[in-house]
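Asks: Provided below are the primary sequence and the corresponding predicted coordinates.
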There are 2 protein chains.
Amino acid sequence: MPPPGRYPQVAMVGGGQLARMTHQAAIALGQRLRVLAADADEPAAQVSPDVVIGSHTDLDALRRVAAGATVLTFDHEHVSGELLEKLIAEGVNVAPPPAALLHAQDKLVMRRKLAALGAPIPRFIAIEGPEDVAAVDDFAALTGGPMVIKAARGGYDGRGVSIVDDAAQARAAVADYLAAGVAVLAEERVSMRRELSALVARSPFGQGAAWPVVETVQEDGICVTVIAPAPDLSDESAAVAQHLALRLADELGVVGVLAVELFETMDGELLVNELAMRPHNSGHWTMDGAATSQFEQHLRAVLDYPLGDTSPVVPVTVMANVLGAPEPPAMTMDERLHHLFARYPDARVHLYGKDERPGRKIGHINLLGDASTASAKLRERAESAAHWLSHGEWSDGWNPHE
Amino acid sequence: MPPPGRYPQVAMVGGGQLARMTHQAAIALGQRLRVLAADADEPAAQVSPDVVIGSHTDLDALRRVAAGATVLTFDHEHVSGELLEKLIAEGVNVAPPPAALLHAQDKLVMRRKLAALGAPIPRFIAIEGPEDVAAVDDFAALTGGPMVIKAARGGYDGRGVSIVDDAAQARAAVADYLAAGVAVLAEERVSMRRELSALVARSPFGQGAAWPVVETVQEDGICVTVIAPAPDLSDESAAVAQHLALRLADELGVVGVLAVELFETMDGELLVNELAMRPHNSGHWTMDGAATSQFEQHLRAVLDYPLGDTSPVVPVTVMANVLGAPEPPAMTMDERLHHLFARYPDARVHLYGKDERPGRKIGHINLLGDASTASAKLRERAESAAHWLSHGEWSDGWNPHE
C-alpha cells in the first residue's frame, strides 16, 4: 500500500487505546498513524492499516516502526532510554526526547528533579539499597507515620504502590521491592481534598498550551471519573497549576502532551504526584469538550505545528471510564450499547475494541453540560452510563418498563 | 488479521472522504469500517485496515465487501438497484434499501414521487424521448422561460445540470442528453433567496432525528460553505423543513442519513431540490458542532441503534470546504497547515488525504462560535482559512510580518 506521502508520518510505540485515538486524530490532519503493536488485535492495530508487529524492547522492531517517519512518539513510557539513544544516533526524531521521558519512567529521578526545581511535592526519601532502609524510621517520625511506598520504575494504574501506616509496614513493603532489585521512594501520605490534573502540551519550538485544570476521581489507583474544569477550584489555583505544568514541560524539555497529576491538600496547596508524557486519561474529556483534543494536540506538538486552542467548548464536561466488570454481563456489549443510547442520546461513547476483563479500561464516556448544568448531576449521569456499559445494570435501579 | 468480532461490522461501498470520516466515527463505537475502494490510495483506504479493492459495478466485489458484514451501506449513490437486489436475495442487509436509494439515483423518479407525496417542488416536466421535446415550449410559456435542465441520472456537484434562459436553449441542452440515452427533466428556474439543507437520519425501527436546518452556499454547483443553523430562518420555517425531511425519510423508507437540499424562494417558500441518502457535505459541521456527528449517526441508523442527540454544541458553526486551487500553491500542504494553525488556533481541520486538483474537495474546516459571535464574521474567517489552505494566499491580504 502506498504511504500517503503528502503528509507527515507519525510513528507511535504502543498499540493501545491512546494510539487508537491518536489515529482518529491523525485522520483529520490528512495523516494516518503507524503503530508498533504487540499483536494485530491491539486497539490501535485493529483500526490503522500501518502496523508493525513487535516489542517495544526490541531495537529492530523500533527501527522498523521509525523507518522513514517524521517523528517517533509513544502511547506509554516503557521504552528504555538506551534504545531511544541508539535510534537518535541513527537519525530518528524522538518526541518526547529520552532525557525528558526519563522523568515519567523513574519516579526517583522525577522527585529529585522536581525538588531541585523547587516544585511543590510531598516530602520523600529515596531507598536504593539495604543501607537506606533505616532512614524510614526517621522519616516516619518526621512525617507522622502514614506513607506511600512507590517502586521507582514499572508501576502504573495503582500497581507498584503500597499504602502503609507506620515505619514497620513501610520496611516490609520496601524489603519486597529491594529484593526484586527495584529502588523505592517513601513519601509522606498527604491529607488531601482531592486529585487534580493539569494537562499541557509543548512543541519543540517552545510553544506551550494548557487545558483547564480538571478533577480526577480515583478508585483503587485507577482514574474513574474526570470533571472538567475542576469544580470550585479558584481561578488563582487553576492558574498556579497551569503555570507549574507549563514550567515543568519547559524545564524538562517535554515535546508532546504532559499530564501533571496533583494532590490538592486540605489547606488548598497543590503538590505534584505523577507525570505522564503522552495523551493521558485525565485528558479524554478534550475529545468532545475542548476546541482541540489532546490527541490532535500531541500530534501537533511532536510535529512542531502551532498548537491548537485549548478552550472548553461548553462550561462543563464529565468523563467516566468504562472498566471491565468483575463478572461478565449477561448482555453483549452490542446490546448494552443499544440500551445506553436509548437512555442517554447525548452520551459520547469511546470504545477501545478490547476484550472485557475485570477492572480493565475498555472505553470511556463523555457528557457535556451547559451553563445550567450542575456538574454533580452530570457526573452522576456519566458514571451511571459507564457503569451500565461495563456491568449491564443500572446503578440507580432504572427500569424503562416500570 | 482477526476481525474485531465483538462489535458489529459495517461495510461501506466507496472509499472517498465520507467513508474516511465514517471510519473515524466507527473507531469510537469499538468498530472499524470495511470499505470497497477503487484503489488503495483512496481517502478511506489510506486509513482503514479493512479494504476490499474493486468496483461498485462488480457484483463479485460487492459480495466480497458484504461478506459477513452486519450491514452494507454507501458513501455514494452509484450502485445499481439490480446488483443490490441480488445481494439482498443472497441475504445481505442493505441500508438504505434500493427502493429508497432509487430516489437519490434518479431525479425523475424522485420528482414524481415527491409530487405524488405533495411535497413542495419546483414545477417540472419529464423528457424521456424525442416525442417529449415539444413540451418544452409550452413549459417555457407557462413558467416564463428560464429553466434548469437536469440529467435524470449520473450528475453530481453541478455536473449533469444546464442552466438555460429560454425554450430554444432548453431544446439544445435536452438534445445532448437524449442523444446520450439519458432521460431529462426540465424545471422552472426558481427565483431564490438562498439554499438550505435539512439533514435527518432514520433507523429501521422508524426512529427519526433532525439536525438544525443549515444554509448552504454553492459556487459552480459545488457546496463551498455551510452555516449552522441557517441565519435568520424563522423557527416556523425550520420546523417545516425538518418535518418535511423526516416525513420524506419515512415515506421513502430511508435507513441512514438523508439530506434534503432546499431552495428558499424570495417569498420564503421551501422547495425540495435534491435528495442524498448518505452523510452529506451539508452535514460536515456536525463533526464538531453537534452532539452527534452525521457519520456516527449514519452508523447508528444502519445498525438500528437508537439515534444520537442532534443538538448543536454551540450557537453557530460554519463549515468551509477546501477546494483544490486552479494553480498548485508554492507551499506544500504541510507548510500551509503550519501557517493556518498559527493564524487560526481554533480551526477544526479535516483533510481527506487526496491529491490536489482544481476544484476538487480535499478537506473542510469547521469554526465554532459562541453567543457573541456574528455568523457573518465566523463565515469570513472560515472561508479565509479554507482559501488559505487550498491557495496558499490570504484572501484578505493578511501579512504577519507587516
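Replies: Yep, that arrived. Numbering: from 1, shown residues only, chains lettered A, B, ... in the order given.
Asks: A:Val190: which element?
Replies: Under the assignment given by DSSP states H and E, A:Val190 is not contained in any helix or strand.
Asks: quick one: pLDDT of it?
Replies: For A:Val190, the pLDDT comes out at 91.
Asks: ok, it - contacts?
Replies: A:Pro122, A:Phe263, A:Thr265, A:Leu271 (C-beta atoms under 8 Å, 6 or more residues apart in numbering or on different chains). Any C-beta I mention is one placed from the backbone N, CA and C, and that applies to glycine too.
Asks: And the residue of the stretch 1-150 of chain A closest to chain B?
Replies: Nearest to chain B in the stretch 1-150 of chain A, going by C-beta to the nearest C-beta, is A:Gly30, at a distance of 3.3 Å.
Asks: so what's that residue scoring on pLDDT?
Replies: For A:Gly30, pLDDT reads 97.
Asks: and the contacts of A:Val190, which of them are in strands?
Replies: A:Phe263, A:Thr265, A:Leu271 (DSSP state E).
Asks: all helices for the stretch 201-350 of chain A, in order.
Replies: In the stretch 201-350 of chain A, the helices defined using DSSP state H, counting those that start in this stretch lie at A:235-252, A:286-289, A:294-302, A:333-343.
Asks: returning to what we had before: for the residue of the stretch 1-150 of chain A closest to chain B, which non-adjacent residue is spatially closest?
Replies: Once flanking residues are discounted, A:Gly30 sits nearest to B:Leu351: 3.3 Å by C-beta to C-beta, 6 or more residues apart in numbering or on different chains.
Asks: before we move on, back to that, contacts only, for the residue of the stretch 1-150 of chain A closest to chain B.
Replies: Per C-beta under 8 Å, 6+ apart, neighbours of A:Gly30: A:Pro4, A:Arg6, A:Tyr7, B:Met333, B:Leu351, B:Tyr352, B:Gly353, B:Gly363.
Asks: Out of those, which is nearest to A:Asp106?
Replies: A:Tyr7 (34.9 Å; C-beta to C-beta).
Asks: still on that earlier bit, how about the contacts of A:Gly30 in CSV, adding pLDDT, distance to A:Leu299 and secondary structure?
Replies: Listed next are the contacts of A:Gly30 as CSV, based on pLDDT from 0 to 100; distance: C-beta to C-beta, whole Å; DSSP: H, G, I helix; E, B strand; the rest coil:
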residue, pLDDT, distance to A:Leu299, secondary structure
A:Pro4, 44, 14, coil
A:Arg6, 76, 16, coil
A:Tyr7, 90, 11, coil
B:Met333, 94, 15, helix
B:Leu351, 98, 12, strand
B:Tyr352, 97, 17, coil
B:Gly353, 95, 15, coil
B:Gly363, 98, 16, strand
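Asks: Kindly reformat those as CSV containing neighbour count and distance to A:Gly16.
Replies: Output for the contacts of A:Gly30, formatted as CSV (neighbours: other C-beta atoms under 10 Å in any protein chain shown; distance: C-beta to C-beta, whole Å):
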residue, neighbour count, distance to A:Gly16
A:Pro4, 20, 23
A:Arg6, 16, 28
A:Tyr7, 21, 23
B:Met333, 20, 30
B:Leu351, 24, 25
B:Tyr352, 23, 27
B:Gly353, 24, 24
B:Gly363, 26, 28
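Asks: rewinding a little: and the two most separated of the contacts of A:Val190?
Replies: Most distant of the contacts of A:Val190, by C-beta to C-beta, are A:Pro122 and A:Thr265, 9.3 Å apart.
Asks: shared neighbours of those two, anything?
Replies: With C-beta under 8 Å, 6+ apart, A:Pro122 and A:Thr265 have common neighbours A:Val190, A:Leu271.
Asks: Comparing these two, which shows the higher neighbour count?
Replies: Set A:Pro122 next to A:Thr265 and count neighbours by other C-beta atoms under 10 Å in any protein chain shown: A:Pro122 wins out with 19 against 16.
Asks: Isn't the more buried one up against A:Glu187?
Replies: Yes. When contacts are counted by C-beta atoms under 8 Å, A:Pro122 is listed as touching A:Glu187 (4.6 Å).
Asks: tell me, what's touching these two both at once?
Replies: With C-beta under 8 Å, 6+ apart as the test, A:Pro122 and A:Glu187 both reach A:Val148.
Asks: and the residue nearest the centre of chain A, what does it touch?
Replies: Geometric centre of chain A, nearest residue: A:His280, 2.8 Å, by C-alpha atoms, centre = their mean. Contacts for A:His280 (C-beta under 8 Å, 6+ apart) come out as A:Ser197, A:Leu199, A:Val257, A:Ala259, A:Gln294.
Asks: how does it look with 6 Å?
Replies: Neighbour list for A:His280: A:Ala259 [criterion: C-beta atoms under 6 Å, 6 or more residues apart in numbering or on different chains].
Asks: gap between it and chain B?
Replies: 18 Å (C-beta to the nearest C-beta, to the nearest Å).
Asks: Check that residue and give its pLDDT.
Replies: For A:His280, the predicted pLDDT is 98.
Asks: For the residue lying closest to A:Gly392 once chain neighbours are set aside, give its distance to B:Gly30.
Replies: In space, not counting the residues next to it along the chain, A:Gly392 is nearest to A:Pro329; the distance is 3.1 Å by C-beta to C-beta, 6+ apart. A:Pro329 is 15 Å from B:Gly30, where distance means C-beta to C-beta, to the nearest Å.
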